[in-house]
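> sequence-free structure coming up:
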């Protein structure tokens, strides 16, 4: 802005002759005044943008944080009453341990800049914040994302994992595995990031994983897969002949509560991933300022695509499950809904609303199919987290490669008109974006398997992973958490029926 | 903000002959104007989107309120209906609901643009954020109705009426009173109803009465639940299974109401009178939040003491219902009344609700959530209240004309009140004409009410694959397990942990 | 922004003789200024209102936390008190609470303007949004106290103290430390206490200590619940009935705390130093959110490991309490300390809470929610902490002077610490002087504590018309119904479904 004001001075001195004498005198006498006024105005506008963008980002962070509450309730409702305390404690600790680790080094690994393509190396302990690129609000927002990934994994290994082992993998995942992945795909230095500042984008495109179908959901889901796979199924989940038994969660109300809270929070997760709302979009040669097309509208569209994907996935699940099992089942519908959300997360900002409906319908089938597979292979995941977040997340990345809309990619990733962008295969954009998306899926699967698989394996070897079968039958709440979560009848608990009289 | 071009002309005129300097300065001013336009869009969209998220949180509130108010054996059923309200609503409102309600240009009866969100997102006022906000309103109406017919309705019948209500009945009413083309709308540029139009700011009539009256016909046609009135006709309370969930739901609804009422302004950056002084829409928005709060508070306190005198108990669920009644009543006039008037509104609303509940008991009308009384009755009172207490200055500011009728008690004559009464009659008529034949027809073909056995054993077991709660695991009960349960367990091929019968 | 007119004069003066052009330019600049003012109001109000909604969500958090922490037989009672905190608080704060706290001009002890919101909404800083925000704070204080005296207090007595606390005790304290006229306020233009004023940014003292100390006197005067300490004086834990509700409440409180602490700035569009760079209130707001998060996280982790060492369990309710203790402690200094210091704050807060709980156990002080220890104790520590760790740069930015005292450990001398200590003493004194006579008097007239029978059988049955939960219907149980329950049913004239006892 300052530059423009100084050219104003040049223009004025060059053009005095053209002015009416009156005007020239006034203006030239008072150039300084004009100049300072204009600079003030520009600066005030910048202040205004900071205030608006930070309000937007902070409240989005708060919404994403409320997803942690959603996870806690969803997990609590999906396990048996005897393990409720355990699973809720893990969810509280995800948030709290995640807060400390992400503060100390997670944020630095993920977004530290300048850095190399693999890992960040600045901003440890939030030193040098705030700066031109990152403010405290960015840290808060990214922290809320990081703890979501660990929350996903805790669902897969619920009801049979030692608490210590939980603490170990959770800090490793939040502090290292997840930040590195987010560095690759979201940091401006990351090797596959679409916002990479240097020119060589992966396949000339970079990976479009807008809000983290891959970076968050697949990472959490695949980590959960290895955990659940190495631990093996819960006692009683499959009988000797391999028939599956449902071990139903103890409260469908909590499941619904958790699902709605996650839906509520997803409005911070997806639309919030724009980080700012004041951006203008170029229309033709014009800067686009002053017209109605802008980031505010794209943010609104993202909220709409998110909604529609979830809705169509829920309805698809409802009718499919009715046909398959004969019940109108609310917990299945909730899972289907979440599968739709996990899938749309990658492409939410770059697809049309009608495409979001396709995304949701397919996501519901992916989930149903993977659950069938899990049943066949006797894989036990109490919250279906690996199937839901891993499977639907992977579908979401592919979906983006197929349906990304050209003009939305240009707008959202801020590419100029003259630069070729890669967009969805079915929208006529060729296969390069799809190629990049598939590379992302493979790389995430590889990285998480290479880091988390050995970790769980090692924990298993040294006997820290799984609880004893007696503990499992009695419930972890009694053996390691000081008692059950619910005491609805007082008189009875005073009788000697409860083996563990609670006394301080 | 559309005055930019004329402003540019005026600017050029002021500088006389066009010159480098004048064009530079004029362009700068123009650029600043554009940036303000941008900032305005960003602020208003941020405001509207977060309000929409809050309104969405009301769906969670409804789910919890309904779940807590029914018996444990029907919890899965009622929660599923709430999840599906949101999901089917999303699809049907996307396909045609929004078009019927706000499509423009259109006639006074129904809209006919924007099917499938075509041409949305290119101009102010009909953006994606607006769609999201209106969708959250639409699903609230269906949620209200589901409460009235809870615990005895077939699931298929639920799906049918819900789709019809959200997709057609509600959008048409919204068109009448909220679209600029609607015949009863206060925004109608052409000829206003009674020179005024009905003032239903956030939907006491459009949302609450529509939901409540639809529920009334449903509940009336189905008849009361088994056991609700004994042989001698005495009323027997069938208490909901969890007061905690009722309180949770009520508070969530209250929380969401801050999106419902203040959010209905849609924009917050609008100055009243002169730019630059303190009076503006921001202040009106905050006043709306205050009137909403005070109406709810006074209704809750009135109910507390009223019920204490009538029944001798300090009853929390009654207080919650009273609170919601106050909120439903103030919804119509929240933006145009003084805070003291909102207290009057709340006190009367509590009285209306208590009176209607007495009446319902006398006429053996059974409504598990008191939804018809609460949303229908208090909603109607809210419309009348607005006709009585709307304040001149606020009406002019919010609805923006030189002069227009206002509240009867505030000296504004009876025209507004007449318009409000017309609204009550036309909504009652329209909903009755459409919904009561629908429910009658469903009854005729045997799709409406479940069988008496199903009702006694609970829909969750018969339709939804099991009860919502499993608090007691087999391990804890094994010594005293009755043989019957053990047999059931072996017999059922996907063995679920059935709730063991309690034999003390 | 009140400088518009002088700015217009300066502009006209700068351009000398009035001409078309000069008047055009000056008017344009003036118009731009006005638009900035409007946009500022809109942004700040949006920010403040949504923060207020978040703080309101804390009331829901309190309700759920309290409900989960008491025994099932008193759930209705405690939830009713929480609903009524909000409702009576709304009315009393509207009538006089806000006037006592923020009425201006006034003396140093109590405010005396704005009764019934008169003259509110006409100037900046005392708008309806401000009232709503402060109301949400006021009801939090009463909510804290209700936890301390839970499970044994008569409902009438609850209504009396709650009205008194919200309407008088709390507003006066708020006036002292937050109003520009208050004697201990850091905003006092005249003479600051120790040249500094007490820094209690969001209310560790004003809200948490007030609630906690009031609760302390209530609980002390009532004595412990029956069965809390056995004959030999050993402490017996009376566990709450639902850990799920405790976790739900804790997360909701955490969620709401993002309105409580960062929201206390009231405005977000304020630049620090030069306009136009990224340093400004938006960044301070985000930093406040970060310090809040980190304090809670570190307190939770400290409690986890601390309690594990002391009691051998990984206890989720203890972790929740520790978390809340950390949040209560950081509330005072959240805006003026570095993130690393907030970790220190949280660690010590957890220690304070554990220590005070030990003490309470030794002195047979019974506080069902540990509210006095948590909010009173950790709140006091928070005030001391601010006196030790407040950072110079932040204090100057947030409280805006050329120079003022800051934290002792940061090299700012002992003046701020002295002011903080004065605040602790004056709050403790004021609340003690008013609340302990009130509780004593209520005890004298027999209104304070319920009878031993009532306490044993639970207040829900005797006062509130039945228990909160009915998980088992008679229909399902009729064959095996024990005669006792059947008798109860016949005896009770409004037949309620009592919870049958569980004896496997």
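Good, I have the coordinates. As the structure is a prediction and not an experimental result, all values here were calculated from the model.
> for the residue of the stretch 151-300 of chain A found nearest chain C, what are its contacts?
In the stretch 151-300 of chain A, the residue that lies nearest chain C is residue A:163 (5.2 Å; Cβ to the nearest Cβ). Every residue, glycine included, has its C-beta placed from N, CA and C. Contact analysis of residue A:163 by Cβ atoms under 8 Å, 6 or more residues apart in numbering or on different chains lists A:86, A:89, A:90, A:476, A:480, C:314.
> element containing residue 313, please.
Just going to use chain A. According to DSSP states H and E, residue A:313 maps onto helix A:295-325.
> got the buried residues for that helix?
Residues A:295-318, A:320-321 are the ones in helix A:295-325 that count as buried (16 or more other Cβ atoms under 10 Å in any protein chain shown).
> out of these, which touch chain B?
A:295-297, A:299-301, A:303-304, A:307-308, A:310-312, A:314-315, A:318 (Cβ under 8 Å from any Cβ of the partner chain).
> with those residues in mind, which one is nearest to residue A:422?
residue A:301 (20.5 Å; Cβ to Cβ).
> separation between that closest one and residue B:311?
51 Å (Cβ to Cβ, to the nearest Å).
> give me phi/psi at residue 193?
All of this refers to chain A. Backbone geometry at residue A:193, expressed as degrees, to the nearest 10, gives phi -70, psi 140.
> hang on, the earlier thing: how far away is the residue of the stretch 151-300 of chain A closest to chain C from residue A:377?
On the measure of Cβ to Cβ, residue A:163 and residue A:377 end up 28 Å apart.
> what's the neighbour count on the one residue in the stretch 51-200 of chain B that gets nearest to chain C?
Using Cβ to the nearest Cβ, the closest approach of the stretch 51-200 of chain B to chain C is made by residue B:72 at 4.7 Å. Applying other Cβ atoms under 10 Å in any protein chain shown, we find 23 residues neighbouring residue B:72.
> isn't it up against residue B:470?
No. Look at residue B:72 against residue B:470 with Cβ atoms under 8 Å: they stay out of range, at 11.2 Å.
> common neighbours of the two, please.
With Cβ under 8 Å, 6+ apart, residue B:72 and residue B:470 have no common neighbours.
> list the buried residues of stretch B:253-271.
B:253-271.
> listing request: residues of the stretch 251-400 of chain A with sub-threshold pLDDT.
Along the stretch 251-400 of chain A, segments meeting pLDDT under 70 span A:283-288.
> ok, now chain B?
Checking chain B against pLDDT under 70 turns up B:1-9, B:11-21, B:471-504.
> scan it for its longest helix.
helix B:20-69 (DSSP state H).
> helix or strand right after it?
helix B:75-92.
> touching chain C at all, that next one?
No. Looking at helix B:75-92 against chain C by Cβ under 8 Å from any Cβ, there are no contacts, and the closest approach is 9.7 Å.
> now that helix and helix B:20-69, what's the angle there?
150 degrees (axes from the mean of the first three to the mean of the last three Cα atoms, to 10 degrees).
> which residue, other than its chain neighbours, is closest to residue A:169?
Leaving out its chain neighbours, the residue that sits closest to residue A:169 by Cβ to Cβ, 6 or more residues apart in numbering or on different chains is residue A:455, at 6.0 Å.
> residues in contact with the one you found?
A:168, A:169, A:172.
> and it, how far is that from chain C?
21 Å (Cβ to the nearest Cβ, to the nearest Å).
> closest point of the stretch 251-400 of chain A to chain B, which residue?
For the stretch 251-400 of chain A, Cβ to the nearest Cβ, closest residue to chain B: residue A:290, 2.8 Å.
> sticking with that residue, tell me its helix or strand.
Counting by DSSP H and E, residue A:290 is part of no helix or strand.
> ok, it touching residue B:33?
Yes. Here residue A:290 reaches residue B:33: they are 6.9 Å apart, a contact under Cβ under 8 Å.
> alongside chain C, which residues does the stretch 301-450 of chain B contribute?
Checking the stretch 301-450 of chain B against chain C by Cβ under 8 Å from any Cβ, the hits are B:301, B:304, B:311, B:313-316, B:319-320, B:323, B:339-340, B:343.
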